[in-house]
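Undergrad: Could you look at this predicted model? Sequence included:
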Amino acid sequence: REAAQPNVDDAPHGHAETAAQSVPFHGPHQAGIVTPRPANGIVAAFDVVAASLDDVETMLRLLTERAAFLTQGGAVPERDPRLPPADSGLLGPVVAPDNQTITLALGDSFFEAQPALKPLKPARLQRMVQFPNDALEADICHGDIVLQFCANLQDSNIHALRDIVKNLSEYLVLRWVYEGSVPPVPPAPDGSTPSARNFLGFRDGSANPDANDAEMMGRVVWTAAPDEPAWAHGGSYQAVRIIRNFVERWDRTPLREQERIFGRAKNSGAPLDGGPKATERDVPDYAADPDGAKTAMNSHIRLANPRTPDADKHLILRRPFNYARGAMKNGHLDQGLLFIAWQADLQQGFIAVQNLLNGEPLEEYIKPVGGGYFFAPPGVAGPEDYLGSGLIDAARRA
Ligand SMILES: C=CC1=C(C)c2cc3[nH]c(cc4nc(cc5[nH]c(cc1n2)c(C)c5CCC(=O)O)C(CCC(=O)O)=C4C)c(C)c3C=C
Ligand SMILES: [Fe+2]
């Protein structure tokens, strides 16, 4: 075939540059938390099969080894063809890094299952319980561990998930998987990147704390409280919520009502108290709008962050993905937000903010159905280290 003439079954072009992008695996914190979010994500929850602390350590070492390879990429080893191949082959004989990150987080049940680990559980880790608007479905909740896969292409995440499912089959039993994505947005004329839109059509992330501000992340994201076990310092609590969106109902809701519910303009993402040139990064002035004439008192953003001096301690770092899973049995689209929030303190962070949001008008359009609370251990220091090593060392010392 002529190279210049595109054909029906040619592979889509255009990711050679982004395929080469990589995120360092080693460091004080795990990647995939304050790392710029690529276009695709998968959250996979597993239960752990481990009879002893030795088993848990072996599992964590193996997981670290696979994650180090999958995130940095490289040639897949060749094997005797009488054996199953070393790799699924989804990405070909050389795995491209593709901005892949794999982030491990541990659930309450991970610690409860091992007598040696129980006393070392992070102080605020708990099993997620139902909020008033929730309709939690047991088969998409909790898990001993979750792995968050993020990459430019969903194929890379699927490849990484398949690799881990295969190589850790002795230790990990899959519980649930949710795949999500965020729509790529071209940079604005001034070079800044606007926030991506969620499936309700609003820009999502505008008021997030700045993940490049290390001092801020030290307060908001990385666990360091004196009552937390020493091994947990430098880790972070992860709240995962699978939040179904009633998109058919939303698409029949007047624009003014949609904007009132969020407290932001749909096109620009700007707060509603701004002028016609306001942008999504502008900060609303609630003191000048004490009765909610511009930004309703029960709007999503005003409830989630009333911007009082006290509100600062409830800051969280949101890093969600949109999900679409075809149709439900009731004939509605199964779409929503794979909400992921990171925080130094789960109680002061996600749980406090969700309690502020309880009863918000947005509830008519959303239904949280799954997820869980987890704790991401600190990062892997170097090639000799492994994920969760501080926890295992502390358990052996106890
Ligand atoms: C408990 C925490 C939160 C849940 C759950 C949540 C769900 C949720 N949010 C949107 C859409 C938007 N959220 C926005 C802002 C925003 N949301 C939360 C928290 C939760 N959201 C916070 C803390 C904030 C920031 C508030 C502020 O500081 O002003 C916005 C506005 C733009 C932005 O800042 O991101 C949108 C849009 C959906 C659709 C959803 C559940 C499906
Ligand atoms: Fe929100």
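TA: Nice, I can see it. Ligands and ions are numbered 1, 2, ... in the order given.
Undergrad: Please make it C-alpha for all contacts and neighbour counts, starting now.
TA: OK.
Undergrad: Up against ligand 1, what does the stretch 101-250 of the chain have?
TA: Within the stretch 101-250 of the chain, the positions lying close to ligand 1 (Cα under 6 Å from any ligand atom) are 202, 203, 204, 205, 206, 207, 208, 243, 245.
Undergrad: Neighbours of the residue in the chain that ligand 1 sits nearest to, how many?
TA: Closest contact between the chain and ligand 1, by Cα to the nearest ligand atom, is at residue 205 (3.2 Å). Taking other Cα atoms under 10 Å as the neighbour definition, residue 205 ends up with a count of 19.
Undergrad: if we can go back for a sec, the residues of the stretch 101-250 of the chain next to ligand 1 in strands, which ones?
TA: In strands, judged by DSSP state E, the following of those are found: 243, 245.
Undergrad: Any of the residues of the stretch 101-250 of the chain next to ligand 1 buried? List them.
TA: Listed as buried from those are 202, 203, 204, 205, 206, 207, 243, 245; burial here means 16 or more other Cα atoms under 10 Å.
Undergrad: can you pull the contacts of the fifth one?
TA: To tie it back to what came earlier, the one meant is residue 206. 195, 269, 280, 281 (Cα atoms under 8 Å, 6 or more residues apart in numbering).
Undergrad: how does it look with 10 Å?
TA: Taking Cα atoms under 10 Å, 6 or more residues apart in numbering as the criterion, residue 206 is in contact with 194, 195, 196, 269, 270, 271, 279, 280, 281, 282, 283.
Undergrad: can I get the residues you listed in CSV with pLDDT and secondary structure?
TA: Rendered in CSV, the data for the contacts of residue 206 read as follows (pLDDT from 0 to 100; DSSP: H, G, I helix; E, B strand; the rest coil):
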residue, pLDDT, secondary structure
194, 92, coil
195, 95, coil
196, 96, coil
269, 97, coil
270, 97, coil
271, 98, strand
279, 95, coil
280, 96, coil
281, 95, coil
282, 96, coil
283, 97, coil
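Undergrad: Can you name the two of those residues that sit furthest apart?
TA: Considering Cα to Cα, no two members of the contacts of residue 206 lie farther apart than 196 and 283, which are separated by 18.3 Å.
Undergrad: Looking at those two, which is more packed in?
TA: Set side by side, residue 196 and residue 283 show more neighbours around residue 196, with 18 against 15, by other Cα under 10 Å.
Undergrad: Show me the shaky parts of the protein.
TA: By pLDDT under 70, the low-scoring segments of the chain are 1-3, 14.
Undergrad: if we go to 80?
TA: In the predicted model of the chain, residues 1-4, 12-16 satisfy pLDDT under 80.
Undergrad: Does the one residue sitting closest to the centre of it belong to a helix, a strand or coil?
TA: Centrality entry for the chain: nearest residue to the mean C-alpha point is residue 340, 3.9 Å, by Cα atoms, centre = their mean. Under DSSP: H, G, I helix; E, B strand; the rest coil, the three-state class of residue 340 is strand.
Undergrad: beta partners for it?
TA: Listed by DSSP bridges, the beta-bridge partners for residue 340 are residue 240.
Undergrad: biggest helix in this structure, by residue count?
TA: Selection of the longest helix in the chain by residue count, based on DSSP state H, yields helix 53-72.
Undergrad: For that one, name the packing helices and strands.
TA: Applying 3 or more Cα pairs under 10 Å, 6 or more residues apart in numbering; DSSP states H and E, we find helix 53-72 packed against strand 40-48, strand 94-95, strand 101-107, strand 145-151, helix 154-167, helix 389-397.
Undergrad: outside of stretch 48-61, which residues touch it?
TA: Here stretch 48-61 makes contact (Cα under 10 Å, 6+ apart) with 62-67, 104, 109-110, 113-117, 143-145, 167-174, 384-389, 391-393, 395-396.
Undergrad: ok, residue 329 - how many residues close by?
TA: Counted by other Cα under 10 Å, the residues lying close to residue 329 total 7.
Undergrad: And it, how far from residue 347?
TA: Taken as Cα to Cα, to the nearest Å, the spacing of residue 329 relative to residue 347 amounts to 36 Å.
Undergrad: Export the helices and strands packed on helix 53-72 to a markdown table and append columns for mean neighbour count.
TA: Listed next are the helices and strands packed on helix 53-72 as a markdown table, based on neighbours: other Cα atoms under 10 Å:
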| stretch | mean neighbour count |
| --- | --- |
| strand 40-48 | 23 |
| strand 94-95 | 18 |
| strand 101-107 | 27 |
| strand 145-151 | 27 |
| helix 154-167 | 20 |
| helix 389-397 | 16 |
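Undergrad: so which of those gets nearest residue 222?
TA: Nearest to residue 222 among these is strand 101-107 (13.5 Å), distances taken as Cα to Cα.
Undergrad: Partner strands of the closest one, with direction?
TA: Taking DSSP bridges as the criterion, strand 101-107 sits next to strand 145-151 (antiparallel), strand 366-376 (antiparallel) in its sheet.
Undergrad: how far is that strand from where the chain is centred?
TA: A distance of 10 Å separates the C-alpha centroid of strand 101-107 from that of its chain, computed with Cα atoms, centre = their mean, to the nearest Å.
Undergrad: Past that strand, which element shows up next along the chain?
TA: Using DSSP states H and E, the helix or strand that follows strand 101-107 in sequence is helix 108-112.
Undergrad: tell me what that following helix is packed against?
TA: Here helix 108-112 is seen to pack against strand 40-48, strand 145-151, strand 366-376 when contacts are counted using 3+ Cα pairs under 10 Å, 6+ apart.
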